[in-house]
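# structure for the following, please:
(one chain, ligands or ions: 2)
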Amino acid sequence: SKLKQLIQQLPKAELHLHIEGTLEPELMWRLAQKHNITLPFASVEAIQDAYQFNNLQSFLDLYYQGADVLRDEDDFFELMWAYLGKCHEQNIVHTEIMFDPQTHTQRGITYDVFMPGFARAIDKAKTELGVSVYLILSFLRHLSEDNAIETLQQAQPYYSMITAVGLDSAELHNPPSKFQGVFAQAALLGFKLVAHAGEEGPPEYVWEAINLLKVDRVDHGVRSIEDPKLMAYLKQHQVPLTVCPLSNLKLCVIDDMREHNIVELLNDGLRVMVNSDDPSYFGGYLNENFYALVDKLDLTEEDTVALISNSISASFLPDNDKQEWL
Ligand code: ADE
Ligand code: ZN
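Numbering: from 1, shown residues only. Ligands and ions are numbered 1, 2, ... in the order given. Have a look, this model is predicted:
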């Protein structure tokens, strides 16, 4: 359709994307063979067929298991390079990518393995594809705050590659308040701050992310709609919510895409935009997330343009660079 063509053609930013969530079954299979790892799957198709989730945890279990095939610097290069190629294909001109250091350091893969792999792909993408890339170091919230503090310290040689810190993994029972100390440290170091909140967790967790962690953006935040005071705050302060439609559907945050509240949030004056979260696991990259909204929510051209312009304005790009795309 004309609207889908517009979505494909407009320059976009992606602000909520986990690099480990871009690991396609084909690459997982190939890396398992390369490193002589026995996967609990008989074929590439069997991997794909296993991607049926009933909540966040059932996804996280497969996502951490999948990441185990990432062993050497070339693996991390390949992973990053494949996603940045997708960005080029989909006219994503700027992307702010989360990576989970603890997923790798816990298995004995150190920063000096994955960071140089990422750096090589990012440099190549800048020069060959013209894609702009920022990195967000994301802490796993099911682990302790002390472990997060150690993870931030270990990143020190790579601080110049990192724009922000984030918070992801199992939300329920791991509230933002658990990570106040490490977020305060990160703020002092000059990092921007984001946190997943209000995906499976209650609006109270969104308040904590704002008031205790002092985040610049909230990842997901779709459950904010349950709290009218929070909605008023998010509107007044234009706190960005990085919404991920296909993710919410696949993780059963909603039962049907027709129930998704992104258009409601947009029409209520909140600064929301579309993101793919973990595209390999959730069945689509950024444009496919938009297409799902066009098909199921009758997204208008005006909505589309507003969502895309929010993706640029809510990015951490300097104002001058934003102007180029707005
Ligand atoms: N890690 C990767 N994707 C995630 C999500 N949607 N929520 C929490 N942690 C994640
Ligand atoms: Zn996420």
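# please enumerate the strands of the stretch 1-150 of the chain.
Using DSSP state E, counting those that start in this stretch, the strands assigned to the stretch 1-150 of the chain run over residues 12-18, 92-99, 132-140.
# show me the one of these that comes nearest ligand 1.
Proximity to ligand 1 (Cβ to the nearest ligand atom) singles out strand 12-18 among the strands of the stretch 1-150 of the chain, at 4.2 Å. Yep, even glycine has a C-beta here, placed from its N, CA and C like the rest.
# by contact count, what packs against the closest one?
Contacting strand 12-18 under the criterion 3 or more Cβ pairs under 8 Å, 6 or more residues apart in numbering; DSSP states H and E are the following elements: strand 92-99, strand 217-220, strand 241-243, helix 301-313.
# residues from the stretch 151-300 of the chain in reach of ligand 1?
For the stretch 151-300 of the chain, the contact set with ligand 1 under Cβ under 6 Å from any ligand atom comprises 168, 169, 196, 199, 247, 277, 278.
# so who does residue 242 touch?
Shown in contact with residue 242 (Cβ atoms under 8 Å, 6 or more residues apart in numbering): 15, 16, 194, 217, 218, 219, 220, 221, 273, 275, 314.
# tell me which of the strands of the stretch 1-150 of the chain is the most buried.
Comparing the strands of the stretch 1-150 of the chain by mean neighbour count (mean count of other Cβ atoms under 10 Å), strand 12-18 ranks first with a mean of 27.
# counting neighbours, what do you get for residue 89?
12 (other Cβ atoms under 10 Å).
# list the contacts of the closest residue to residue 201 other than its chain neighbours.
Spatially, and ignoring its direct neighbours in sequence, residue 201 is nearest to residue 171 (4.2 Å; Cβ to Cβ, 6 or more residues apart in numbering). Counting by Cβ under 8 Å, 6+ apart, residue 171 makes contact with 56, 141, 196, 197, 199, 200, 201, 205.
# which ones among the residues you listed lie within helices?
Members of the contacts of residue 171 lying in helices (criterion: DSSP state H): 56, 205.
# that older thread, any chance of the helices and strands packed on strand 12-18 in CSV, plus mean pLDDT?
Shown next, in CSV, are those (pLDDT from 0 to 100):
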stretch, mean pLDDT
strand 92-99, 99
strand 217-220, 99
strand 241-243, 99
helix 301-313, 98
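# what's the closest of those to residue 113?
Of all the helices and strands packed on strand 12-18, it is strand 92-99 that lies closest to residue 113, at 12.2 Å by Cβ to Cβ.
# between strand 12-18 and that closest one, find me the angle.
In terms of direction (axes from the mean of the first three to the mean of the last three Cα atoms, to 10 degrees), strand 92-99 departs from strand 12-18 by 10 degrees.
# tell me what the residue of the chain found nearest ligand 1 is bridged to.
The chain approaches ligand 1 most closely through residue 168 (3.6 Å), counting by Cβ to the nearest ligand atom. With beta bridges defined as DSSP bridges, residue 168 has these partners: residue 140.
# wait, what's in contact with it?
Residue 168 sits next to 18, 98, 100, 138, 139, 140, 141, 196, 219 when contact means Cβ under 8 Å, 6+ apart.
# what's the separation between residue 48 and residue 64?
Per Cβ to Cβ, to the nearest Å, residue 48 is found 18 Å from residue 64.
# meant to ask about residue 171
Counting by Cβ to Cβ, the gap from residue 171 to residue 64 is 15 Å.
# outside of the helix or strand bottoming out on mean pLDDT in the chain itself, list whatever touches it.
Ranked by mean pLDDT, DSSP states H and E, the weakest helix or strand in the chain is helix 319-325, scoring a mean of 95. Identification of contacts with helix 319-325 by Cβ under 8 Å, 6+ apart yields 11, 13, 93, 94, 132, 312, 313, 315.
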